[in-house]
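Novice: Structure for this input, please:
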Amino acid sequence: MKEIKITEAQKNSISSVVLILEETIEEIEKLCLTGERNGIVYDVVNNLDEKVRNRLMENINRLREIIKDMAKNLSIKKKRYETKRLISSRIASLWETAYEIKSNRLKGYGDVAKSLKEYLDPAVEEIIQLLDDAEATLYKK
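Specialist: Purely as a prediction, here's the structure:
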């Protein structure tokens with residue numbers, strides 16, 4: 001194969017996109033292969049027929065081949081994730097998301113009734129406290 005000239009900045013950019021591609025196709029694959037999932041406030045109904053699922057899986061496998069080829073030929077280093085860091089980053093994101101529904105933040109959507117404030121704020125505070133506790137648990141010795 002002919003030598004590929006690439007700057008470090010170009011490699012970093014390509015590496016970021018390829019990483020997102022790989023992570024996203026993994027999520028899509030899980031959705032294709034997972035049956036129905038029932039949460040508390042959501043349901044996922046797998047409405048893919050076998051033909052569609054098989055075609056998607058073919059595409060996913062081909063995408064993986066291309067990613068593998070790009071990683072090899074462009075010398076893209078494998079990124080290593082640590083579970084603690086992944087969980088910690090998701091907790092931080094959840095903390096921000098939970099904070100957005102505190103009653104003082106909802107005023108932009110209209111006046112917040114006293115009854116909503118009295119119900120919602122303690123629930124959100126408990127959510128935030130539990131997230132803080134989970135974060136602290138990750139790094140306790």
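Novice: Please name every helix or strand in contact with the worst-scoring helix or strand of the chain on mean pLDDT.
Specialist: Across the helices and strands of the chain, the lowest-confidence element by mean pLDDT, DSSP states H and E is strand 37-38, at a mean of 90. Secondary-structure packing of strand 37-38 (3 or more C-beta pairs under 8 Å, 6 or more residues apart in numbering; DSSP states H and E): strand 43-44. Placement of C-beta: from N, CA and C, glycine included.
Novice: can you list contacts of the next helix-or-strand element following the strand it packs on?
Specialist: Next helix or strand after strand 43-44 toward the C-terminus (DSSP states H and E): helix 50-73. If you take C-beta atoms under 8 Å, 6 or more residues apart in numbering as the criterion, helix 50-73 is touched by 1, 4, 14, 18, 21-22, 25, 28-29, 32-33, 48, 76, 78.
Novice: Next, report how far the next helix or strand after helix 50-73 is displaced from the centre of its chain.
Specialist: Counting by DSSP H and E, the element after helix 50-73 in chain order, helix or strand, is helix 83-99. Using C-alpha atoms, centre = their mean, to the nearest Å, the mean C-alpha position of helix 83-99 is found 10 Å from that of the whole chain.
Novice: Check the gap between the most centrally placed residue in the chain and residue 74 for me.
Specialist: Centrality entry for the chain: nearest residue to the mean C-alpha point is residue 90, 7.9 Å, by C-alpha atoms, centre = their mean. To residue 74, residue 90 is 29 Å away according to C-beta to C-beta, to the nearest Å.
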